[in-house]
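Peer 1: Using only what follows, build the 3D model:
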Amino acid sequence: MQPQPFTVADYLLTRLKQLNVTEVFQIPGDYVKHFTQALEHFDGIKTIGAINELDAGYAADAYGRTRGLGAVSLQYGVSTFSALNAIAGAYVERSPVVVISACPGADARQITKMYDVLYHHSTGNMAADQEVYEHVTVGAITLSTSVGAPEKIDNLLIAAITHKRPVYIACYKEVWAEPCPRPSTTVLQPMVIKSDPLALENAVSQAWSQIILAKNPLIFAGVEVLRFGLSDLLQQIIDASGFLYTTTSEGKTVLDEGGDKFIGTYSDAASIKHVIELVTKADCFLTFGTIITDDYLVFIESKYADMVLATTEQIRAGYFIYENVTMKDFMEALLHLFKTTKGYPLATVAPAQPKYPEPWLSNSDPHWNDKPDVITYNRFFQHSMKFLKDHNLLKDIVMTYGVSSSMYVATNAYGLYQNSYISSAAWQCIGFETGAASGAQLGSGKRAWTVAGDGGFMMVCQSLSTLARNNLDAVIFVISNGVYAIEQVYVDMTSFEPGPEHKFDAFDILPKWDYLALAKAYGAEGYSVKTIQELNEVLQKFKTRGNKPTLVQVVIPEKDLPGQMRRLGLE
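Peer 2: Predicted coordinates:
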């Protein structure tokens, strides 16, 4: 029997395995059949069959956030376009994902020329997939031949791990199966980008002049610090400066939150009171790796001149912008000054960390004060966080959130471990959390602890089947009030007032689902809880690990409005 040739598909898979990608999420298709067949038999990488493209895309994104690189295999046209939203989110939120596809081959293109045939899944422009993905990737290529494929694949993967953003690779249908040389055993490395020395010196000098004049400096950390492996460097700066620090919502858990300098996450008006007070009082912000979205519009408008900003896209000190300076070089230079400048850390500049308050009771909707057994948003987090802490489980979970009231309430949590809070806080995608659960769990090896609104869950509920199919014991809590509460907050917040005269808009009212029947249909465990006692009883079931997912419908009042969302809605 002749040995099977080593192919272009094998080359890509070998490179992915070298980069610690041991699972690839997949939607099958005829154009991409040569890749999927190679994947099915490739030693060391497991195929994770997803239910639909958003499920696969969200999962690959979360896998990339926890493992350092993710990959998803998609069919041409109908599949790649369906996954576009997920990959756009990965692009915005700095998650490296390899999007793998295939397109009509050389024979099909010749037939099109001869007979003007429109091939299935094609818009008529056979390059449309690549052209669209060029907007949400840092590299997009289509290989028409195996000639030169190794170098092109290597360059594409290097771009993904260098910039921590998605890339797109497609082949003509036949090319994935064409013979290809084997790659070297040397693992691909990110490009090392160095700063212009004079620009770096100028940037640091201007930044330092702002730092030493500050009476109340504060470090504001974002997700890029985590993505680019600079968390240890950030910790060294915190230690050397003595400054307190906060994070963005997207950057929550950039470090373990148990340190003595963490004041809590700053999520604008959704933050707890003392975080808002410290941010308002601060007169210099060392801002590292943050994605400044319109969630922080009030902050940026009032604190722009006080910011020393270092991201992968910009270095700024006050109003001065410096080009050709990297975030890593800038942070290292500041660390050197903190370590070598006499008088740091200054006790008068670096106040002691305030005692972190219990954030849930003060933010719970007062309408339910006389009904202590009713579950509200804040009471859910009060009891579930207590359960996780009491049983020392915070180190063993990874939380996933789409944009929802729960995501904003959850930013008030304290004591989470590094890279254990994954959210769509920048792209703000409803439904991300449930699709992300499988990728977060497979990528991290920890149990996915997912909190969704029922509107978001309804968008990608089939992801529960992916979890069951792959024996993943993720826990999916659906905060079930029957409405798109986060949408209603920004449409008309008076709808949350008591009384039949205050109604929700019709487009924010959701259909009623039988969640227990749905869980059974998908092969998951299912529970529905309506009281605090029932919630605590179900939580006890998660002290040990299992081999199937659990769906928990958490029934809360339709008009429960957490304080975090009330403050955001009033801005």
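
Peer 1: Pop the domain breakdown of this structure in here.
Peer 2: Taking automatic domain parsing as the reference, the chain has its domains at 8-177, 197-340, 361-570.

Peer 1: Can you redo those as CSV, where the extra columns are distance to residue 186?
Peer 2: The way it works is simple: take the backbone N, C-alpha and C, and place the C-beta from them, glycine included. Output for those, formatted as CSV (distance: least, CB to CB, whole Å):
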stretch, distance to residue 186
domain 8-177, 8
domain 197-340, 19
domain 361-570, 24
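
Peer 1: out of the ones you listed, nearest to residue 354?
Peer 2: Closest approach to residue 354 among the domains of the chain is made by domain 197-340 (5.5 Å; CB to CB).

Peer 1: quick check: mean pLDDT across stretch 217-226?
Peer 2: For stretch 217-226, mean pLDDT rounds to 97.

Peer 1: Off-centre distance for that stretch?
Peer 2: In terms of CA atoms, centre = their mean, to the nearest Å, the centre of stretch 217-226 is found 16 Å from the chain centre.

Peer 1: do the same with stretch 224-234
Peer 2: 15 Å.

Peer 1: So for stretch 323-330, first residue to last residue, what's the gap.
Peer 2: End-to-end distance for stretch 323-330: 12 Å, by CA to CA, to the nearest Å.

Peer 1: can you list the residues that contact that stretch?
Peer 2: When contacts are taken as CB atoms under 8 Å, 6 or more residues apart in numbering, the neighbours of stretch 323-330 outside the stretch itself are 193-196, 199-200, 203-204, 207, 224, 228, 230, 233, 288-289, 310-312, 315.

Peer 1: cool, stretch 183-203 as well?
Peer 2: With CB under 8 Å, 6+ apart as the test, stretch 183-203 has contacts from 11, 14-15, 18-19, 150, 154, 157-158, 161-162, 315, 317, 320, 322-326, 329-330, 333.

Peer 1: And those, which of them are buried?
Peer 2: The neighbour count (16 or more other CB atoms under 10 Å) marks 11, 14-15, 18-19, 150, 154, 157-158, 161-162, 315, 317, 322, 325-326, 329-330, 333 as buried among those.

Peer 1: Which ones among those map onto strands?
Peer 2: Of the buried ones among the contacts of stretch 183-203, the ones assigned to strands by DSSP state E are 315, 317, 322.

Peer 1: picking up where we left off before, among the contacts of stretch 323-330, which are in strands?
Peer 2: The strands in this structure, assigned by DSSP E, contain 288, 310, 315 from these.

Peer 1: what about the stretch 251-400 of the chain, any weak spots by pLDDT?
Peer 2: Using pLDDT under 70 as the threshold, the predicted model of the stretch 251-400 of the chain has low-confidence ranges 343-351.

Peer 1: swap the cut-off to 80 and go again
Peer 2: Counting by pLDDT under 80, the stretch 251-400 of the chain has low-confidence residues at 342-354.

Peer 1: That one: helices as residue ranges?
Peer 2: Secondary structure of the stretch 251-400 of the chain (DSSP state H, counting those that start in this stretch): helices located at 273-281, 297-303, 327-340, 377-390.

Peer 1: Please identify the buried residues of the third one?
Peer 2: Buried residues in helix 327-340, counted by 16+ other CB under 10 Å: 327, 328, 329, 330, 331, 332, 333, 334, 335, 337, 338.

Peer 1: Run through the residues that contact the nearest residue to residue 12 once chain neighbours are set aside.
Peer 2: With CB to CB, 6 or more residues apart in numbering as the measure, residue 153 is the residue that lies nearest to residue 12, at 5.5 Å, once sequence neighbours are left out. With contact taken as CB under 8 Å, 6+ apart, residue 153 is in contact with 8, 11, 12, 15, 169.

Peer 1: Out of the residues you listed, which sit inside helices?
Peer 2: Using DSSP state H, the members of the contacts of residue 153 that fall in helices are 8, 11, 12, 15.

Peer 1: residues near residue 457, how many?
Peer 2: 30 (other CB atoms under 10 Å).

Peer 1: average model confidence for the helix ranked longest in the chain?
Peer 2: For the chain, the helix reaching the highest residue count under DSSP H is reported as helix 197-213. What helix 197-213 shows for mean pLDDT is 97.

Peer 1: returning to what we had before: now, the most widely separated pair of the ones in helices among the contacts of residue 153?
Peer 2: Farthest pair in the ones in helices among the contacts of residue 153 (CB to CB) is 8 and 15. Separation: 11.1 Å.

Peer 1: With distance to residue 417 as extra columns, can I get the ones in strands among the contacts of stretch 323-330 in TSV?
Peer 2: Compiled in TSV, these are given as follows (distance: CB to CB, whole Å):
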residue	distance to residue 417
288	20
310	25
315	30
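
Peer 1: Show me which of those is closest to residue 66.
Peer 2: For the ones in strands among the contacts of stretch 323-330, the residue nearest residue 66 by CB to CB is residue 288; the value is 20.9 Å.
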